[in-house]
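In: What would the 3D arrangement of this be:
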Amino acid sequence: MIWDHPPNSFHKLVEEQRQAGALLLDLTSTNPTEVFDDYPHAEIRQALAKVEDFTYRPDPFGSKQARQAIADWYARRGIPVSPEQLALTASTSEAYALLFKLLSNPGDEVLVPTPSYPLFEYLARLESIEIVPYRLRYDGSWFIDFASLQAAISQRTRAVVVVNPNNPTGSFLKDDETATLLDIAQEHNLPVIADEVFMDYSFDGAGDRKRTLIGCGRALSFSLGGLSKSAGMPQMKLAWIVVNGDARIRADVRSRLELLLDTYLPVATPVQNALGDLLEIGDGIARRISRRMERNRAALDDILRGSPIHTLHAAGGWSAILQLPNLRTEDAWMADFVTQQHVLVQPGYFFDMPSEPYAVVSLLTPEDVFAEGIERLRKAIPA
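Out: Below is the predicted model:
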């Protein structure tokens, strides 16, 4: 049963330490409203205060004003999007749920990458469908194992999910990977769901990368974005789907998607009416996030230089994966970090890493906390 989900041993250990009064340095937080002391609460309040019209004018796809604001946001990034391609949802999780409803029936399958988000299984099971994993491989950088993807396709497969850049690997699709992915999608008539919420967060020197599937018309695809990551505003509860592909196919999809959206009408009027201002404020938050990520990445490299802990290559995203010495199990390392070093990180198995031991840390962590936490991790492991 999906609801039968007792706490795992790591969660129990963390709670025991907290109840005993241990002060843990948390290197896992990805909530911008908590990790920035200068978070722009006043600016957001002012944006909402400017909203004078609270008349409810439901539109299944979201108001034209809000969709135009998102199209303008993409235009500032050199990505042409028509408001007619857009549909608003309350979150990317809801966008997944709607697309799973749109594309599949109970018992069907959707392909998802591993390592990646741990939420796919729950979202799929809530829609009575199954997830089938395909592998990302690492040889100094991450890449899609297309043999694994091809082997995962069955008669029940209805869509392929990509996360671009991936969380937690930080890997972008490359141009040749994108071409191969779309060839496979076209051959098997499979839509691609591209989670692009971390699109703006790439590192200097990241090399060959495909930021978005928007503009790729060879196969039907859906690009997901939202305020939570793109603007650092998880509390505002607004996300979007961009429908990509041949215009005739988009029109058919739009008519069917309209029925689903009209059933839920999920996005509140005030946030839609304030969206233009919120996205501009969000551009500033995103710049703060990027600066912190760069500084924490630099600190990570400096602190771990010469250490047995190895940082895996990433091209973007909000996380860093640390490969730990294969001297103990992942659970043993996690227990030592929590009980002896009082540092909280995420174990690699949370993200279905293919082997162990790994730890995943958030680059959004306040810089002093991050540096101190990484120093403690280094001291915990003998040279």
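
In: End to end on stretch 44-54, go ahead and measure it.
Out: The first residue of stretch 44-54 is 17 Å away from its last residue (CA to CA, to the nearest Å).

In: So for it, what gets flagged as buried?
Out: 44, 47 (16 or more other CB atoms under 10 Å). To be clear about C-beta, it is placed using only N, CA and C from the backbone, and glycine gets the same treatment.

In: Please apply the same query to stretch 237-247.
Out: So for stretch 237-247, counting by 16+ other CB under 10 Å, buried means 237-245.

In: Put together a markdown table for those residues, with distance to Ala219 and secondary structure on each row.
Out: Below are the buried residues of stretch 237-247 laid out as a markdown table (distance: CB to CB, whole Å; DSSP: H, G, I helix; E, B strand; the rest coil):
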| residue | distance to Ala219 | secondary structure |
| --- | --- | --- |
| Lys237 | 30 | coil |
| Leu238 | 27 | coil |
| Ala239 | 22 | strand |
| Trp240 | 20 | strand |
| Ile241 | 16 | strand |
| Val242 | 14 | strand |
| Val243 | 12 | strand |
| Asn244 | 8 | strand |
| Gly245 | 6 | coil |
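
In: Which helix or strand lies directly C-terminal to the lengthiest helix in the chain?
Out: Longest helix in the chain, counting residues (DSSP state H): helix 275-304. Note on helix 275-304: by DSSP states H and E, the next helix or strand toward the C-terminus is strand 310-311.

In: Mind listing residues that contact that next one?
Out: Contacts of strand 310-311 with the rest of the structure, by CB atoms under 8 Å, 6 or more residues apart in numbering, involve 300-301, 304, 320-323.

In: Provide the strand pairings for that strand, with the direction of each partner.
Out: If you go by DSSP bridges, strand 310-311 pairs up with strand 319-323 (antiparallel).

In: For the partner strand, which outside residues touch it?
Out: 30, 167-170, 296-297, 300, 304, 309-312, 314, 345, 348, 353, 357-363, 377.

In: Report the separation between Phe351 and Ile321.
Out: To Ile321, Phe351 is 8 Å away according to CB to CB, to the nearest Å.

In: Glu177 too?
Out: In terms of CB to CB, Glu177 sits 20 Å off from Ile321.

In: just the CA coordinates of the longest strand seen in the chain, formatted as PDB?
Out: Secondary structure of the chain per DSSP state E: the longest strand is strand 130-138. In PDB, the C-alpha atoms belonging to strand 130-138 read as follows (Å, rounded to 0.1, in the frame of the first residue of the first chain):
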ATOM      1  CA  GLU A 130       3.700   2.300 -12.800                       C
ATOM      2  CA  ILE A 131       7.100   3.900 -13.100                       C
ATOM      3  CA  VAL A 132       9.800   2.000 -14.900                       C
ATOM      4  CA  PRO A 133      13.400   3.300 -14.400                       C
ATOM      5  CA  TYR A 134      16.100   3.900 -17.000                       C
ATOM      6  CA  ARG A 135      19.600   4.600 -16.000                       C
ATOM      7  CA  LEU A 136      21.800   7.700 -16.000                       C
ATOM      8  CA  ARG A 137      25.500   6.600 -16.100                       C
ATOM      9  CA  TYR A 138      28.600   8.400 -14.800                       C
END
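
In: Provide the strand pairings for whatever helix or strand comes next after that strand, with the direction of each partner.
Out: Once the chain leaves strand 130-138, the next helix or strand it forms, by DSSP H and E, is strand 142-144. Paired with strand 142-144 in the same sheet, following DSSP bridges, are strand 130-138 (antiparallel).

In: buried stuff in the strand it pairs with?
Out: For strand 130-138, burial by neighbour count (16+ other CB under 10 Å) applies to 130-136, 138.

In: same deal with stretch 62-73?
Out: Those would be 62-63, 66-67, 69-71, 73, for stretch 62-73 by 16+ other CB under 10 Å.

In: Next step: those residues restricted to helices.
Out: 66-67, 69-71, 73.

In: just to revisit the earlier point, common neighbours of Phe351 and Ile321, please.
Out: Here Phe351 and Ile321 have 168, 360 as joint contacts, going by CB under 8 Å, 6+ apart.

In: Looking at these two, which has the bigger crowd around it?
Out: A count of neighbours by other CB atoms under 10 Å puts Ile321 above the other of Phe351 and Ile321, at 24 against 20.

In: Count the residues that sit near the closest residue to that one other than its chain neighbours.
Out: Using CB to CB, 6 or more residues apart in numbering and skipping the chain neighbours, the partner closest in space to Ile321 is Leu312 (4.3 Å). When counting by other CB under 10 Å, one arrives at 19 neighbours for Leu312.

In: Regarding Pro113, what is its secondary structure?
Out: With DSSP: H, G, I helix; E, B strand; the rest coil as the basis, Pro113 sits in strand.

In: Look up how far Pro40 lies from it.
Out: Distance check for Pro113 against Pro40: by CB to CB, it reads 34 Å.

In: what does Asn105 give?
Out: Going from Asn105 to Pro40 by CB to CB gives 44 Å.

In: neighbour-wise, which of those two wins?
Out: Comparing Asn105 with Pro40 by other CB under 10 Å, the one with more neighbours is Pro40, at 17 against 11.

In: pretty sure the more buried one is touching Gly282, no?
Out: No. Contact criterion CB atoms under 8 Å: Pro40 and Gly282 do not qualify, at 9.3 Å.

In: Great, nothing more from me.
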